[in-house]
Every structure is written in C-alpha cells, then in structure tokens.
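Asks: The sequence and its predicted three-dimensional model are supplied below.
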Amino acid sequence: MLPENTFENKTALITGGGTGLGRSMAAYLASLGANIIITSRRQEVLDKTATAIRDAKKAQVLPIAGDVRHMEDVERVVMQGISEFGQIDILINNAAGNFISPTERLSHRAFESIIGIVLQGTINYTLACGNHWIANEIKGVALNIVTSYAWTGTGYTVPSACAKAGVLALTRSLATEWGKKYGIRSVAVAPGPFPTKGAWDRLFPASVRKAIDPAGRNPMGRVGDHEELAHLVGYLVSDYARYVNGEVVTIDGGEWLQGAGMFNVFDQVPNEMWDMVEQEVRAAKERQKNKA
Ligand code: HXC
Ligand code: NAP
C-alpha cells in the first residue's frame, strides 16, 4: 500500500517484536526501508526473528533483550538503539501479557504482572523515547496496541482490560500535551482476533476452542490477517498520517459492534422464520388498533 521508501532513514522500536503481531509489524516496516529494533525478554527468540527479517527484507534489525517492566532495561534498549542508528523515530508499544481466567481466581500478583507489562511497560517506553524526542526536537510517533475492551471492558481478562484502558487514556492524553508542545504524535490501534501462538494458547486453549470460535461470531466470518494490521500500522506511523493524532483505529471486522448492538442476536433467527415474525408483529399492531 505504501511506497517502498516510506521509512527510509527512519528507525522503529517495537516491543514484543520477536513474535506474533510485533514480528509481522517489524517485517512490514523493514520492507519499507525502516531500521528495526525489536525487544522482549527472550534473546534467542529475538535473534531468530532478526535473522529472518534481515534475510527476507535486506534490512537492519537490532534484537535486544529486556523486560518492559524494568526501567533500567528500557533505558538500556533505547540507548543501544540510538547508538546503533542515531535516533529512534517510531515507537510501537506492542508487548503484552494476558490469559483467560475468572477474576476471583486471580491473585494480586497476577494483576500486577499484566498491568506491569501492558500499562507500566507502555509508560516506561513512552517516557524513554519521549525524552529522547523532546531533548533532540524529534517529532516522533508512539503507536500503542490496545483492543476494543479498552473502552467496553470485558469479563475473564480483567487485568488486561484495566491495563489497555490505561494505555488508551495515555494515548489520548499525550496526543494533546506532547502534540501541542513538541509535535509528537500518539495513536493507537484496536485489533480484534488475529491468530498468534501467544494469544491463542492463553485465550483460546484447546479445551474451549471449539465452543468459543472467534471467527464464527465475527460479522466478517473470519479472524484477521497479520498483513491487514501491518498495513494499518504502517500508515499510522508514517508521515502520510501526520495529521492523525490521539485516534484509536479499530480493526476487528466489526466484532465489538456485533457484541454491542442489542438486537444483533437476532442473526440466530433463520431467514425462513422472518415471514412469521413479521406477521406476529403486524397482528399485534392490528389488535392494538381494534382495542382503541
Ligand atoms: C491464574 C495465573 C495464570 C493463570 C499466571 N498466573 N498464569 N493465574 N491463571 N493461567 C499468575 C501466577 O500464578 C502468578 O501469581 C502471576 O500470575 C504472575 O505469573 P508469572 O508466571 O510469575 O508471570 P510472568 O513470568 O511475568 O508471566 C506473565 C504472564 C505470561 C502474562 C503470566 O502468560 C506471559 O509471559 N505472557 C506473555 C505473552 C502473552 O501473554 N501474550 C498474549 C497477549 S494476547 P502468584 O500469585 O502465583 O505469584 C492479548 C490479546 C488481547 O493481549 C485481545 C484479544 C482479542
Ligand atoms: P504475543 O506473540 O504473545 O506477543 C506478546 C509479546 O510481548 C511477546 O513477544 C513477548 O515476548 C512480549 N513480552 C511479554 N512480556 C514482556 C515483558 N515483560 N517485557 C518485554 N516483552 C514482553 O501476542 P500477540 O497476539 O502478538 O500480541 C501482540 C499485541 O497485540 C499485544 O499488545 C496484544 O494485547 C495485542 N492484541 C492481540 C490480539 C490478537 O488477537 N492476537 C488482539 C488484540 C490485541 P517474551 O515472552 O519473549 O518477553
């Protein structure tokens, strides 16, 4: 979708960039000329991804291990990235922790772990890159990955819902504060279900996968394709989107509206029943008229 040189001389730092959606976004930005820094806890996973992207895209990829929850790791990753590439232009806060569970089964440490990765981790990288941008007058862009339950809330992944809601608030808050003072953009995307090993193992384990089919309840009748997300993210972090600030773009096939619309459940009524339903409704109206 975007010209081949869209990200020439630009550097993107992607947290959680060794696997899943982070890896797909890293590969896409690399194919459009970006230098890439990927970070997560497991060095061997990052190394494999870096080699694969370098080989396929002929791009520069720097894999650095670190925990998003630890500010000393975050500062080290950012400093190493700057010393390798000169500066960082794009931050994608993608690292996450999540698993399905009734809330009453969770310890406070389970909440702490997920909120630490998703919310505090996003804050840590935003501060580290933000200070680099402000000190060097770089009009950087931070893109955060949330999901639609950041604004609807949801049962069974409550720590993640709390954390993503915080990330959405951060996105919108900095869009104005840092947008006005420093020209730094802050945007978010809200993906629906996109198959990744990390998410599927923890959210749709085999024992429930058949009963809870994320494709079946989606208006588009399918899950997302990584390329579709990468194109959207590529646009939002590029200069083509330089007037997009504070926005969260949903990419879920209409899933959240399907759940929100009160009468969407009527898709369970088979087509052949609608004549009968209509007659019932019209007859009720006639009865009312005759009574009056
Ligand atoms: C209940 C659990 C649990 C489970 C862990 N805990 N798994 N409690 N049910 N299934 C508890 C632990 O017992 C511990 O509490 C606390 O949570 C922290 O667990 P640790 O294993 O010590 O944490 P940590 O090593 O930091 O691992 C974090 C993790 C893990 C989130 C638990 O799953 C992870 O590393 N995830 C990273 C990748 C990931 O989650 N990807 C999916 C993103 S998908 P106690 O009290 O015992 O000490 C996503 C999709 C959103 O976000 C939208 C989809 C549509
Ligand atoms: P994933 O492959 O499990 O990605 C999560 C990444 O975060 C992993 O690479 C993991 O690597 C890293 N990570 C976890 N804890 C970390 C920590 N403490 N420090 C540094 N890195 C850490 O899952 P995914 O599906 O691609 O998810 C990517 C993003 O998309 C997440 O923000 C998720 O909430 C969002 N999302 C996904 C979906 C979906 O359907 N897949 C839908 C909506 C939103 P290590 O374990 O090596 O650290």
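Replies: Structure's in. What do you need? Numbering: from 1, shown residues only. Ligands and ions are numbered 1, 2, ... in the order given.
Asks: Spell out which parts of the stretch 51-200 of the chain neighbour ligand 2.
Replies: 67-69, 94-98, 117, 145, 147, 191, 193-194, 196, 198-199 (Cβ under 6 Å from any ligand atom). From N, CA and C alone the C-beta is placed, and that goes for glycine too.
Asks: Try it again at 5 Å.
Replies: Neighbours of ligand 2 within the stretch 51-200 of the chain, by Cβ under 5 Å from any ligand atom: 67-68, 94-97, 117, 145, 147, 191, 193-194, 196, 198-199.
Asks: From those residues, pick the one nearest residue 224.
Replies: Nearest to residue 224 among those: residue 194, at 4.0 Å, using Cβ to Cβ.
Asks: Nearest to ligand 2: which residue in the stretch 151-292 of the chain?
Replies: Residue nearest to ligand 2 within the stretch 151-292 of the chain: residue 198 (1.9 Å; Cβ to the nearest ligand atom).
Asks: Now do the strands in the stretch 1-150 of the chain.
Replies: 11-15, 35-40, 61-65, 90-93, 141-145 (DSSP state E, counting those that start in this stretch).
Asks: List the strands paired with the first one, with their directions.
Replies: With DSSP bridges as the criterion, the sheet partners recorded for strand 11-15 are strand 35-40 (parallel), strand 90-93 (parallel).
Asks: Just put those strands in TSV and tack on mean pLDDT and distance to residue 121.
Replies: Formatted as TSV, those follow (pLDDT from 0 to 100; distance: least, Cβ to Cβ, whole Å):
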stretch	mean pLDDT	distance to residue 121
strand 35-40	98	10
strand 90-93	99	7
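Asks: quick one, which of the ones you listed is nearest to ligand 1?
Replies: Using Cβ to the nearest ligand atom, the nearest of these to ligand 1 is strand 35-40, at 8.7 Å.
Asks: Chain neighbours aside, what residue packs nearest to residue 23?
Replies: residue 49 (5.2 Å; Cβ to Cβ, 6 or more residues apart in numbering).
Asks: ugh, wrong one, residue 242
Replies: residue 185 (7.3 Å).
Asks: swap in residue 230?
Replies: residue 28 (3.6 Å).
Asks: before we move on, what about residue 67?
Replies: Spatial nearest neighbour of residue 67, excluding adjacent residues (Cβ to Cβ, 6+ apart): residue 73 at 5.1 Å.
Asks: Do you know the pLDDT at that neighbour?
Replies: Per-residue pLDDT puts residue 73 at 99.
Asks: Against ligand 1, how distant is it?
Replies: Going from residue 73 to ligand 1 by Cβ to the nearest ligand atom, to the nearest Å gives 13 Å.
Asks: What residues of stretch 68-77 count as buried?
Replies: Going by neighbour count (16 or more other Cβ atoms under 10 Å), the buried part of stretch 68-77 is 68-69, 73-77.
Asks: can you redo those as a markdown table with distance to residue 33?
Replies: A markdown table is the format used below for the buried residues of stretch 68-77 (distance: Cβ to Cβ, whole Å):
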| residue | distance to residue 33 |
| --- | --- |
| 68 | 26 |
| 69 | 32 |
| 73 | 28 |
| 74 | 26 |
| 75 | 27 |
| 76 | 26 |
| 77 | 22 |
